[in-house]
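Trainee: Quick one: sequence plus predicted model below, questions after.
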Amino acid sequence: AQSVSQHNHHVILSEAASLELGCNYSYGGTVNLFWYVQYPGQHLQLLLKYFSGDPLVKGIKGFEAEFIKSKFSFNLRKPSVQWSDTAEYFCAVNAPNFGNEKLTFGTGTRLTIIP
Amino acid sequence: GAGVSQSPSNKVTEKGKDVELRCDPISGHTALYWYRQSLGQGLEFLIYFQGNSAPDKSGLPSDRFSAERTGGSVSTLTIQRTQQEDSAVYLCASSSGTSGEQYFGPGTRLTVT
């Protein structure tokens, strides 16, 4: 079974600070990797995804993530955060090669940006 | 275009009552998922429908939970004899097929009193 760990439960940063949110997964086979964001009062939205190819993926709103297979990691980064990035961030995986499309989510990281 | 819609947005029910939650996926999406988001458990998978295949029910927490998808489109999640621990936000998502990204609806917040 897959599992996802997000070690940062609550991160507080000032505007313009750099961001890195950790995500590690546990699964022996090929996976697809995702970061979803949930802004206050809104539904889950996809930030970025990795299926194959270049391990550095760029998403919306200046976010990027790097897949490091040897470390089973898919950390989310942004060079300079804005107040509007305040939200909850979820890392997720699925393993479609075995016909298993369901997403396994991490517990989420709440990000608070101080103006 | 229209996204995934869910109804009702909020539901308050008494313990022991049955509830039905509805999901309208994005038109043309063959895959539909139900998840549950609660404080204690985070985001959990409940059930997955893909085309005409038998659904993956492996995430349903008890036999009080069931779901169906009619005509390959609209889905209904039914919870019988609700318990307080069923209180959560129930999320529906759809995708276009294998390895497709999932688009989430706004959720139904269920409160069991």
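Mentor: It's in. Numbers count the residues shown, from 1 in each chain, chains lettered A, B, ... in the order given.

Trainee: hey, let's count contacts and neighbours off CA atoms from now on
Mentor: Will do.

Trainee: And residue A:57, how close does it get to residue B:7?
Mentor: Here the criterion is CA to CA, to the nearest Å. By it, residue A:57 lies 34 Å from residue B:7.

Trainee: again with residue A:48
Mentor: For residue A:48 relative to residue B:7 (CA to CA), the value is 27 Å.

Trainee: what about the two, which has more around it?
Mentor: Neighbours of residue A:48 and residue B:7, each counted by other CA atoms under 10 Å in any protein chain shown, are more numerous for residue A:48; the result is 21 against 17.

Trainee: Quick check: that one touching residue A:59?
Mentor: Yes: in this structure, residue A:48 is within contact of residue A:59 by CA atoms under 8 Å, at 4.5 Å.

Trainee: Need the three-state assignment for the residue of chain B found nearest chain A.
Mentor: Here chain B gets closest to chain A at one residue, residue B:106, 4.8 Å apart by CA to the nearest CA. Using DSSP: H, G, I helix; E, B strand; the rest coil, the structure places residue B:106 in coil.

Trainee: isn't it right next to residue A:43, touching?
Mentor: Yes: using CA under 8 Å, residue B:106 makes contact with residue A:43 at a distance of 4.8 Å.

Trainee: Which residue of these two possesses the greater neighbour count?
Mentor: Using other CA under 10 Å as the criterion, residue B:106 and residue A:43 rank with residue B:106 on top: 20 against 15.

Trainee: where does the more buried one land on pLDDT?
Mentor: If you check residue B:106, the pLDDT there is 95.

Trainee: swap in residue B:4?
Mentor: Note on residue B:4: pLDDT of 96.

Trainee: Same question for residue B:65.
Mentor: In this model, residue B:65 carries a pLDDT of 98.

Trainee: Beta-bridge partners for the nearest residue to it once chain neighbours are set aside, please?
Mentor: Among residues not flanking residue B:65 along the chain, residue B:79 sits closest, at 4.7 Å (CA to CA, 6 or more residues apart in numbering or on different chains). Going by DSSP bridges, residue B:79 is paired in beta bridges with residue B:19, residue B:65.
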